[in-house]
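1. My questions are about this predicted structure, shown below with the sequence.
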Number of protein chains: 2
Amino acid sequence: MQSRSPATRASGRPRSVEADAAILAATREALVELGWSKLTLGDVATRAGVAKTTLYRRWSGKNELVVDAVAELFDELVLPDRGSLADDIEGVVLQFAAILARPEAASGLMAVVAESTRDDALRDRIRSSIVERQKRLVLEGRARAQTRGELPSETDPAEAARTVDLIFDVVAGAVVHRTLVSGHPADEEWVREFTTLLLGGLGAGTQEP
Amino acid sequence: MQSRSPATRASGRPRSVEADAAILAATREALVELGWSKLTLGDVATRAGVAKTTLYRRWSGKNELVVDAVAELFDELVLPDRGSLADDIEGVVLQFAAILARPEAASGLMAVVAESTRDDALRDRIRSSIVERQKRLVLEGRARAQTRGELPSETDPAEAARTVDLIFDVVAGAVVHRTLVSGHPADEEWVREFTTLLLGGLGAGTQEP
DNA sequence: AGCTTTCGCTACGAGTCGTAGCGTAATGGC
DNA sequence: GCCATTACGCTACGACTCGTAGCGAAAGCT
């Protein structure tokens, strides 16, 4: 989705917004059926009912297209207010796990992350359209817990930002690793144990009744 | 590395073991210079000084080749005995982060994980040659900490296994996410904060002096 | 010796890539 | 209502990679 800035002249035939949606949906469909490596832009264009050249006019390549197609999936995430920090964490982690269990999210996300190790522009695109966008969940959760008195309030804003980043890496990383690398589902039981570990640390959990 | 079982007849010209090593080294070299997507098997064969057909006789494709090439990198990991659980964790996490910071590890590992979402045989290959192999570090670390009295001993072996899996997912996932997705280095400061979080949980760390 | 398997090399059809060129469709400005 | 501008669908193209087949030569074992 390359934002055509309103500064540029906007005369002439406008781009079809339906085509954008159709292309992104077709990309996710192709990811499900074919996976990343066998996905071809020609096939996506055919599925979306547009010409291949139209697709290339809007996205520079497979990487950027898949980032945009996958990013939309994560916008579904919401932070439910279940009354306690532990329950809030369990709720959002379960949602995150449900999205990651979908094949289009899993294969697409990991593939573009792999490519981003050699493409700085792609890395920035992933961070801005996926990572930073969902960090809101951690911010909200912490704020709620602090007003509840479950977590101490931070004094140093810089340290608070670092803590948010750390929590996000731990939560997202653990779910991704569990689902995709270990290959086991992040089900309710696992999420409960993970939340216990996250809240209480390594020593806790085993000595509770 | 497809193990030719000793059951099969071993008559005739034996396969060159130097070729195996040369191919895997050439694969890592190509991963550094080209990344996953632009890596071609023909190029790897040329770098290794072997014919392309030789490469196809030993590996069924790009995925399996890269798994084997990357797996060797993680065998360098050792668990140093630094005297305390926290220091042991910091030590091994820093080693893991150093390996992941190498471009051949990062792009190769993420790419094959992405492909493994649609290829069960590949997933098993990754798990057996990388994941399960390194789980020894968690087992050793826990055993040491338990003899030191830093962690309570488990009674139920099944629960102990689940805990080891959980810890492994959290540690590996967090480092991977920090390095590759967030795009920041897992340096000493971050590892220290991560270890504090892992040992004490969310409430701890901020209230320590 | 003779047998067996691997090796390097060449060549091949199939498939994908990303682009160029063309005529047509849909806007906004005058 | 006409015109400049931009997007669209379509076709065609050279370049590249894929994975395999076929060949003669090399390197082992018995």
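-> The structure has been received and is ready for your questions.
2. care to break chain A down by domain?
-> Split into domains by automatic domain parsing, chain A comes to A:17-59, A:70-206.
3. Could you dump those domains into a markdown table and include distance to residue B:63, mean neighbour count and mean pLDDT?
-> Where C-beta positions appear, they are placed from N, C-alpha and C, glycine not excepted. Listed next are the domains of chain A as a markdown table, based on distance: least, CB to CB, whole Å; neighbours: other CB atoms under 10 Å in any protein chain shown; pLDDT from 0 to 100:
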| stretch | distance to residue B:63 | mean neighbour count | mean pLDDT |
| --- | --- | --- | --- |
| domain A:17-59 | 8 | 17 | 96 |
| domain A:70-206 | 12 | 18 | 93 |
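4. Any chance of those domains in TSV with distance to DNA strand D as columns?
-> As requested, those are exported to TSV (distance: least, CB to the nearest atom of the strand, whole Å):
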stretch	distance to DNA strand D
domain A:17-59	3
domain A:70-206	16
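5. The ones you listed: which one's closest to DNA strand C?
-> DNA strand C sits nearest to domain A:17-59 of all the domains of chain A, at 3.4 Å, using CB to the nearest atom of the strand.
6. do the closest one and chain B meet?
-> Yes. Judged by CB under 8 Å from any CB of the partner chain, domain A:17-59 comes into contact with chain B through A:35, A:36, A:37.
7. likewise stretch A:126-135?
-> Yes. Interface with chain B: stretch A:126-135 contributes A:126, A:127, A:131 (CB under 8 Å from any CB).
8. OK, contacts around the second one?
-> Put plainly, it is residue A:127. Residues near residue A:127 by CB atoms under 8 Å, 6 or more residues apart in numbering or on different chains: B:181, B:182, B:183.
9. Contact partners for the last one?
-> Right, residue B:183. By CB under 8 Å, 6+ apart, the contact set of residue B:183 is A:116, A:123, A:127.
10. Next to DNA strand C, which bits of chain A? Give me the list.
-> A:10-14, A:40-43, A:52-53, A:56, A:61-62 (CB under 7 Å from any atom of the strand).
11. so where's the longest helix in chain A?
-> Ranked by residue count and defined by DSSP state H, the top helix of chain A is helix A:17-38.
12. Residue A:17 and residue A:29, how far apart?
-> Distance check for residue A:17 against residue A:29: by CB to CB, to the nearest Å, it reads 19 Å.
13. thinking again about what came up before, adding distance to residue B:193 and secondary structure, write the contacts of residue A:127 out as JSON lines.
-> Shown next, in JSON lines, are these (distance: CB to CB, whole Å; DSSP: H, G, I helix; E, B strand; the rest coil):
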{"residue": "B:181", "distance to residue B:193": "17", "secondary structure": "helix"}
{"residue": "B:182", "distance to residue B:193": "14", "secondary structure": "helix"}
{"residue": "B:183", "distance to residue B:193": "17", "secondary structure": "coil"}
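14. Can you tell me which of these comes closest to residue B:166?
-> Each of the contacts of residue A:127 was checked against residue B:166 using CB to CB; the closest is residue B:181, at 20.3 Å.
15. Just confirm the closest one contacts residue A:112, I think it does.
-> No. If you go by CB atoms under 8 Å, residue B:181 and residue A:112 don't touch, sitting 10.2 Å apart.
16. Need the overlap of contacts for the two.
-> Joint contacts of residue B:181 and residue A:112 (CB under 8 Å, 6+ apart) are residue A:126.
17. What sits closest to residue A:123 if chain neighbours are left out?
-> Of all residues not flanking residue A:123 in the chain, residue A:116 sits nearest, at 4.0 Å (CB to CB, 6 or more residues apart in numbering or on different chains).
18. Fine by me, we can end here.
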